[in-house]
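**Q** Using only what follows, build the 3D model:
(one chain, ligands or ions: 2)
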Amino acid sequence: MTWAVMPAAGRGTRFGSETPKQYLEVAGRTLIEHSLRALLGHPEVDGIVIALSPDDPYWAGWREMEGKPIYTCIGGAERADSVLSALQALPATVSEDQWVLVHDAARPCLRGVDLTRLIAMGQADPVGAILAAPVRDTIKRADVQSRSHLTEAREHLWRALTPQMFRRGGLTRALRAALSAGAVVTDEAMAMERLGLKPRLVEGSEDNIKVTTPADLALAEFILKRVV
Ligand SMILES: Nc1ccn([C@@H]2O[C@H](COP(=O)(O)OP(=O)(O)OP(=O)(O)O)[C@@H](O)[C@H]2O)c(=O)n1
Ligand SMILES: C[C@](O)(CO)[C@H](O)COP(=O)(O)O
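**A** Ligands and ions are numbered 1, 2, ... in the order given. All right, here's what the predicted structure looks like:
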């Protein structure tokens, strides 16, 4: 069985709305509620800790959903700080060896079949696993004038998604080490990679999008009304 943590303390600056994007509504629910239901509706997820911004007036105050407990904590300045805060706020009954899923509140389109595959492959792996999507476009590396000067070999390029699944203790130690070294850590796998560990990439659905800009919100609505 697994627990989950959800970084939901962002302000959505790239989205540009007064209301933080995780509280915007699509297909009848807020993004955070879609993301919570995708996790807590899965039979192998036992409960969740959500990291919220300290002055969050939008949080609905749920204490359970789909019969699973919801706890909250205060997030931090960066996403990694929020994830670490939520890991530390997990119940004491969640042991150091227990698997934990980290999923963005801003990814409302997570499919149950992808979560099932991630949990199965992650639990069989010595390091852990993340959902990811193979890159389908040609990738260019640009110079300072935004001119293309190199084309990356794309057969080994993936886009990292969430959830990302690691053992509570190992991920906590990896994030603490990265943050105390002042490293920029944009996902959990990066913290593990810094320690020389190689998380398993588990192919997930292309439509498990992260809502970052208004165009993404319209796409999320289309996806949620059709296939998820
Ligand atoms: N200090 C932060 C920053 C982000 N997040 C969360 O991490 C997820 C992914 O981050 P992102 O899409 O970058 O959200 P924001 O930081 O809100 O967006 P922006 O960078 O445009 O401000 C989101 O669910 C966001 O709420 C968080 O918990 N704590
Ligand atoms: C964790 C993540 O969603 C994987 O792609 C991504 O790194 C989050 O980046 P953001 O800039 O915090 O949205």
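
**Q** Would you map the strands across the protein?
**A** For the chain, strands defined by DSSP state E occupy the ranges 2-8, 25-26, 29-30, 45-52, 64-65, 68-74, 99-102, 129-134, 139-142, 148-152, 158-167, 200-203.

**Q** Can I get these in a markdown table including mean pLDDT and mean neighbour count?
**A** The C-beta positions use only the backbone N, C-alpha and C, and glycine is treated the same way. Below are the strands of the chain laid out as a markdown table (pLDDT from 0 to 100; neighbours: other C-beta atoms under 10 Å):
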| stretch | mean pLDDT | mean neighbour count |
| --- | --- | --- |
| strand 2-8 | 98 | 27 |
| strand 25-26 | 96 | 16 |
| strand 29-30 | 98 | 17 |
| strand 45-52 | 98 | 23 |
| strand 64-65 | 98 | 14 |
| strand 68-74 | 98 | 17 |
| strand 99-102 | 98 | 24 |
| strand 129-134 | 98 | 22 |
| strand 139-142 | 96 | 11 |
| strand 148-152 | 96 | 10 |
| strand 158-167 | 98 | 23 |
| strand 200-203 | 98 | 18 |
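
**Q** nearest residue to the residue of the chain found nearest ligand 1 other than its sequence neighbours?
**A** Closest residue of the chain to ligand 1, C-beta to the nearest ligand atom: G10 (2.1 Å). Excluding the flanking residues, the one nearest G10 by C-beta to C-beta, 6 or more residues apart in numbering is P20, at 6.4 Å.

**Q** Could you give the backbone dihedrals for that neighbour?
**A** Note on P20: backbone dihedrals following degrees, to the nearest 10 are phi -50, psi 140.

**Q** Quick one: residues contacting it.
**A** 10-12, 53, 56, 58 (C-beta atoms under 8 Å, 6 or more residues apart in numbering).

**Q** The residue of the chain closest to ligand 1 against A106, yeah?
**A** Yes. Between G10 and A106 there is a contact under C-beta atoms under 8 Å: 7.1 Å.

**Q** any idea how far the residue nearest to G10 lies from A160?
**A** Distance, P20 to A160, by C-beta to C-beta, to the nearest Å: 22 Å.

**Q** and what of M65?
**A** Applying C-beta to C-beta to M65 and A160 gives a distance of 26 Å.

**Q** Repeat that for E44.
**A** Distance, E44 to A160, by C-beta to C-beta: 22 Å.

**Q** same check, this time on R63
**A** R63 sits at a distance of 31 Å from A160 (criterion: C-beta to C-beta).

**Q** before we move on, what about R37?
**A** Per C-beta to C-beta, R37 is found 23 Å from A160.

**Q** Would you mind listing what in this protein touches ligand 1?
**A** With C-beta under 6 Å from any ligand atom as the criterion, the chain meets ligand 1 at residues 7-15, 22, 51, 75-79, 82, 104-106, 210, 212.
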